[in-house]
Structures are given as C-alpha cells and as structure tokens.
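Participant: predicted model, plus sequence, below.
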Amino acid sequence: MFVEIFGRPGCPYCVRAKQIAEQLTEERDDFEFRYVDINAEGLTKDDLAVKAGKPVTTVPQIFLDEQHIGGCTDFEAYARANLGL
C-alpha cells in the first residue's frame, strides 16, 4: 500500500502523521509513503480539496492508495484498526 501525506512545515499533526508512516514503513514490508510539502510544491488547500473530492480546511491530508483517508487523527485510527500500529 502507498500513502501520500500532504502537509506543511511547522504543523505538529503533519509531523505526527509522518512519524506514523515512518513507523509503519519499518514494521511492514507492504507499506510505503511519500510526504509532500505543500508549500514547497506550490499546492493550496483548494488543490487538496480537488484531489479529496471535498473541501479541506486543515493539513495534513492523507491518501491511502489514492483514496482520501482524512487528517492525522483519521490516519492514526485507520492504522491502529487495520495496519497493526
């Protein structure tokens, strides 16, 4: 499975989501992730809303195999329930 995390510098939830993804990468052979700094890539929350298919007001925005999961709390809950976190 492949996770994309769209975040920005200085965001504690973005840092936490990246830490969860790094942990899962170490623990699982079937997990990969990519962290995208929206500021460095010139992306806006409107761009993320188009990708998510609904309005987004916060970061991170996380996608699992191209499907929108939500933010950090949603990702952590998903990882605990489905990925053995």
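Facilitator: Structure received.

Participant: count the residues that sit near the spatially closest residue to Thr57 that is not a sequence neighbour.
Facilitator: Excluding the flanking residues, the one nearest Thr57 by C-beta to C-beta, 6 or more residues apart in numbering is Lys45, at 6.7 Å. Using the backbone N, CA and C atoms, a C-beta is placed for each residue, glycine as well. One way to gauge burial is a neighbour count; for Lys45, by other C-beta atoms under 10 Å, it gives 16.

Participant: report the contact partners of Lys45.
Facilitator: Each residue near Lys45 by C-beta atoms under 8 Å, 6 or more residues apart in numbering is listed here: Val56, Thr57, Val59.

Participant: tell me the one among the residues you listed nearest to Gly71.
Facilitator: Val59 (7.6 Å; C-beta to C-beta).

Participant: OK, contacts around that closest one?
Facilitator: Under the criterion of C-beta under 8 Å, 6+ apart, the contact list for Val59 reads Phe6, Gly7, Arg8, Cys11, Tyr13, Cys14, Ile38, Lys45, Leu48, Gly71.

Participant: how much space separates the spatially closest residue to Asp30 that is not a sequence neighbour from Asp47?
Facilitator: For Asp30, ignoring the flanking residues on the chain, the nearest one in space by C-beta to C-beta, 6+ apart is Met1 at 6.0 Å. The spacing between Met1 and Asp47, counted by C-beta to C-beta, to the nearest Å, is 23 Å.
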